[in-house]
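[1] need a 3D model of the following:
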Amino acid sequence: MSIFELVNGGIWGAHKARDRSISIGRRRWSISHTFLLYMVACIVISLILLVPGYLLLRAAEAGAATVDTLLSARTWVTLGNTLLLTGAVVVSSAAISLPLAWLVTSSDLPGRRVWGILVALPLVVPSYVAAYLYVSLLSPVGVVQQLLEPLTGIERLPPIYGFPGAWLVLTLITYPFTYLTIRSAMKRLDPSLLEAARSLGQSPARAFWRITLPMLRPSLVAGSLLVALYCLRDFGAVTLLQYGTFTRVIYNRYQAYRLDEAAAMALLLVALTGVFLFLDHRSRGRSRYARLSAGAARVSSPTRLGMWKWPALLFVGLIVLLALVLPAGGLAYWLWRGVNQDWMVRDLAQTSQNVTPFLDLVRPAWNSVTVALGAAVLTIVLALPVTILAVRKPSFLSHWLERLAYAGAALPGIVVALAFVFMGVNYARPLYQTLPMLLIAYVVLFLPQAVGAERSSLLQVSPKLEEAGRSLGQRPFHVFRRVTLPLVRPGLVAAGAMVFLTAMKELPTTLILSPIGFNTLAVQVWANISEAFFARAAAPTLLLILLSSVPLAVFMLRDDS
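    Numbers count the residues shown, from 1 in each chain. Purely as a prediction, here's the structure:
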């Protein structure tokens, strides 16, 4: 209740009855406003709960078949493959990211600002794109073998398929998650802590391991969790590289119309993802990482590398070469091959007579941008009620609504798609394979990103500003629109950019739920690379990467400003 309402409720005795009616009227509006927020939030959360509800229903209906699937040797092999790949990628990503983040933030590495941007760019490359580029380059008779054979006589390279290829590709495209979180934490570290350790006789290496690394533990764990969730949800890379994780097996079961087995394995995948989230929650503990002393933290001066400057440049350059230059070179090669092949020359010649070949690229790009933009807008709007209730009206119910909103992080895209297929076919036939259903599925998948960004932004807005607006006679909606919304706009933009970037690259959900004839860049790229038409996939791949780079560029520029 605002100060204005408290004053009108009891101090002005001469207008007591009139002021009480004003207060009651406003309280009723406030109650109805809160009820509306709860109603919208509950509807959004119910969409998320549809997915585990479908899995449990399907598993219960299958009965003995579900038990047989869960206890089969194939399921346990798939579980082992998934855990092995996830653990290996998490460890290797952390091993790459920690020195990278230190070099670009705390050392005098030449060109460290440019290197800092370059090492983050692989984040925009979808896993299926990276997989197809590495397969075309490093397969036993790929481009690299063809280049090496005249010089070295190598007739065949070791196979890239299976665990080695999946581990390499996923490591090179997921380490930016850990790198960016560690980099952000390192830029906020107080150098006085490290200086105090050095003054006590600690060597630089020992001071780093005993002081800096423990302070980076939350960001390291957060980045590693993102990497682990990415690996659990990945579909494109493991499918192209023929490595049997849950997502690949579930999709194969769905394609073969063995829906009971697909649902049982999807339920196990959701449970596995939930275990990862639970372990992350328990690992946070009660440790405190904030600076408690008075005053502001200083900006640390760069550490001089000395004789280690050239090895550091070699390390950073090698990562950029493997994660960025090599895939970009492969993409340029296949684009050049496509331009010089007969079908491309014929299409270009026909472009002057009709626009069909041009539209074959423009339509998927337009579809990708519009559906990703629609998903971004819808997600940030539907995330607002959950965020407002959690921050401004904390209660048992709002707390659990927020917790359940984050549960979407435990739902891989292919699992969400299967649930919506079931619901659409059985209970919402008019919505089946329509854009509204695809957008709703995107909301379920990406709601945690939006809630996280909006919550952190709303927490920085003092409630007293909103109370001041209410004291001037403004209704809650007008106060939110004129006072709160401009202040939280950076968080909304960040949330929208994250959702847009992720929706542009999302493959399994788009493959299964998109309307017939609705072709996006992701679907077009997948259709070509799954048939080994690498040259035809080059142009839409390049366009997809360029469009996906816009949100990342916004993030990097804002972070460095």
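
[2] lowest-confidence helix or strand of the protein?
    helix 3-10 (a mean of 33; mean pLDDT, DSSP states H and E).

[3] what comes up buried for stretch 367-377?
    By 16 or more other C-beta atoms under 10 Å, the buried positions in stretch 367-377 come out as 367-369, 371-372, 374-376. Yep, even glycine has a C-beta here, placed from its N, CA and C like the rest.

[4] dump that stretch to CSV, restricted to CA.
    Backbone C-alpha positions of stretch 367-377 (Å, rounded to 0.1, in the frame of the first residue of the first chain) are rendered in CSV as follows:
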residue,chain,number,x,y,z
ASN,A,367,10.6,-16.8,-41.6
SER,A,368,13.5,-17.3,-39.2
VAL,A,369,13.7,-13.6,-38.2
THR,A,370,9.9,-13.2,-37.8
VAL,A,371,9.4,-16.4,-35.8
ALA,A,372,12.5,-15.7,-33.6
LEU,A,373,11.4,-12.1,-33.1
GLY,A,374,7.9,-13.2,-32.3
ALA,A,375,9.2,-15.7,-29.8
ALA,A,376,11.4,-13.0,-28.2
VAL,A,377,8.5,-10.6,-27.8
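
[5] so what touches it?
    Residues outside stretch 367-377 that contact it (C-beta atoms under 8 Å, 6 or more residues apart in numbering): 435, 438-439, 442-443, 446, 495-497, 499-500, 503-504, 510, 518-522, 544, 547.

[6] the residue nearest the centre of the chain sits in which helix or strand?
    Centroid check for the chain by C-alpha atoms, centre = their mean gives residue 502 as the closest residue, at 5.6 Å. In the assignment (DSSP states H and E), residue 502 maps to helix 485-505.

[7] restrict that helix to CA atoms and write it as PDB.
    C-alpha atoms of helix 485-505 as PDB (Å, rounded to 0.1, in the frame of the first residue of the first chain):
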ATOM      1  CA  LEU A 485       9.300  -0.100 -17.700                       C
ATOM      2  CA  PRO A 486      11.900   2.500 -18.800                       C
ATOM      3  CA  LEU A 487      14.100   1.500 -16.000                       C
ATOM      4  CA  VAL A 488      14.000  -2.300 -16.700                       C
ATOM      5  CA  ARG A 489      14.200  -1.800 -20.500                       C
ATOM      6  CA  PRO A 490      17.900  -2.900 -20.600                       C
ATOM      7  CA  GLY A 491      16.900  -6.200 -19.000                       C
ATOM      8  CA  LEU A 492      14.100  -6.700 -21.400                       C
ATOM      9  CA  VAL A 493      16.400  -6.000 -24.400                       C
ATOM     10  CA  ALA A 494      18.900  -8.500 -23.000                       C
ATOM     11  CA  ALA A 495      16.200 -11.100 -22.500                       C
ATOM     12  CA  GLY A 496      14.800 -10.500 -26.000                       C
ATOM     13  CA  ALA A 497      18.300 -10.800 -27.500                       C
ATOM     14  CA  MET A 498      19.000 -14.100 -25.800                       C
ATOM     15  CA  VAL A 499      15.700 -15.600 -26.800                       C
ATOM     16  CA  PHE A 500      16.100 -14.300 -30.400                       C
ATOM     17  CA  LEU A 501      19.600 -15.800 -30.700                       C
ATOM     18  CA  THR A 502      18.500 -19.200 -29.300                       C
ATOM     19  CA  ALA A 503      15.300 -19.300 -31.300                       C
ATOM     20  CA  MET A 504      17.200 -18.600 -34.600                       C
ATOM     21  CA  LYS A 505      19.300 -21.800 -34.000                       C
END
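
[8] which secondary structure elements does that helix contact?
    helix 356-392, helix 435-458, helix 521-529, helix 534-560 (3 or more C-beta pairs under 8 Å, 6 or more residues apart in numbering; DSSP states H and E).

[9] quick check: what element follows that helix along the chain?
    By DSSP H and E, the next helix or strand past helix 485-505 is helix 508-513.

[10] what would that following helix look like as CSV? C-alpha coordinates only.
    Extracted C-alpha coordinates of helix 508-513, given in CSV (Å, rounded to 0.1, in the frame of the first residue of the first chain):
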residue,chain,number,x,y,z
PRO,A,508,14.4,-30.2,-33.2
THR,A,509,11.4,-28.1,-32.0
THR,A,510,11.3,-26.3,-35.4
LEU,A,511,11.7,-29.5,-37.3
ILE,A,512,8.8,-31.2,-35.6
LEU,A,513,6.3,-28.4,-34.9
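
[11] report the rounded mean pLDDT for that helix.
    What helix 508-513 shows for mean pLDDT is 89.

[12] how far does that helix sit from its chain's centre?
    Here helix 508-513 is found 17 Å from its chain centre; the criterion is C-alpha atoms, centre = their mean, to the nearest Å.

[13] quick one: buried residues of it?
    Of all the residues in helix 508-513, those buried under the rule 16+ other C-beta under 10 Å are 508-513.

[14] who does it touch, helix- and strand-wise?
    Helix 508-513 sits against helix 246-255, helix 413-426, helix 435-458, helix 521-529, with contacts defined as 3+ C-beta pairs under 8 Å, 6+ apart.

[15] what do you get if the cut-off is 6 Å, keeping everything else the same?
    Helix 508-513 sits against helix 413-426, helix 435-458, with contacts defined as 3 or more C-beta pairs under 6 Å, 6 or more residues apart in numbering; DSSP states H and E.

[16] regarding residue 242, what is its secondary structure?
    Judged by DSSP: H, G, I helix; E, B strand; the rest coil, the three-state class of residue 242 is coil.

[17] next one, pLDDT for it please.
    Residue 242 is given a pLDDT of 88.

[18] was I right to think it contacts residue 159?
    No. Residue 242 is beyond contact range of residue 159, at 9.6 Å (criterion: C-beta atoms under 6 Å).

[19] overlap in contacts of the two?
    With contacts taken as C-beta atoms under 6 Å, 6 or more residues apart in numbering, residue 242 and residue 159 have no neighbour in common.

[20] which residues does the nearest residue to residue 185 once chain neighbours are set aside contact?
    In space, and not counting its chain neighbours, residue 185 is closest to residue 219: 3.8 Å by C-beta to C-beta, 6 or more residues apart in numbering. By C-beta under 6 Å, 6+ apart, the residues touching residue 219 are 181-182, 185.

[21] got phi/psi on residue 107?
    Main-chain dihedrals, residue 107, degrees, to the nearest 10: phi -120, psi 170.

[22] ok, it - contacts?
    302-303, 305.

[23] just the ones of those residues in strands?
    Using DSSP state E, no member of the contacts of residue 107 sits in strands.

[24] which one of those is nearest residue 124?
    For the contacts of residue 107, the closest approach to residue 124 (C-beta to C-beta) belongs to residue 302, at 28.1 Å.

[25] any idea how far residue 312 is from the nearest residue to the closest one once chain neighbours are set aside?
    Spatial nearest neighbour of residue 302, chain neighbours left out: residue 108 (4.3 Å); criterion: C-beta to C-beta, 6+ apart. Using C-beta to C-beta, to the nearest Å, one gets 10 Å for the distance from residue 108 to residue 312.

[26] where do the contact lists of these two overlap?
    residue 305.

[27] specify which residue of these two has the higher count of neighbours.
    residue 312 (20 against 14; other C-beta atoms under 10 Å).

[28] pretty sure that one is in a helix, no?
    Yes. Assessed by three-state DSSP, residue 312 belongs to a helix.

[29] ok, it - contacts?
    103, 109, 305.

[30] would you check that the first one makes contact with residue 109?
    Yes. In this structure residue 103 lies within contact range of residue 109 using C-beta under 6 Å: 4.8 Å.

[31] for the stretch 151-300 of the chain, give me the ranges with low pLDDT.
    Applying pLDDT under 70 to the stretch 151-300 of the chain flags the ranges 188-215, 281, 283-300.

[32] in PyMOL, select just the buried ones from the contacts of residue 107.
    The command below creates a PyMOL selection of those among the contacts of residue 107 that count as buried (16+ other C-beta under 10 Å):
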select buried, resi 303+305
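
[33] from the contacts of residue 107, which is closest to residue 238?
    Distances from residue 238 to the contacts of residue 107, taken by C-beta to C-beta, are shortest for residue 305, at 38.2 Å.
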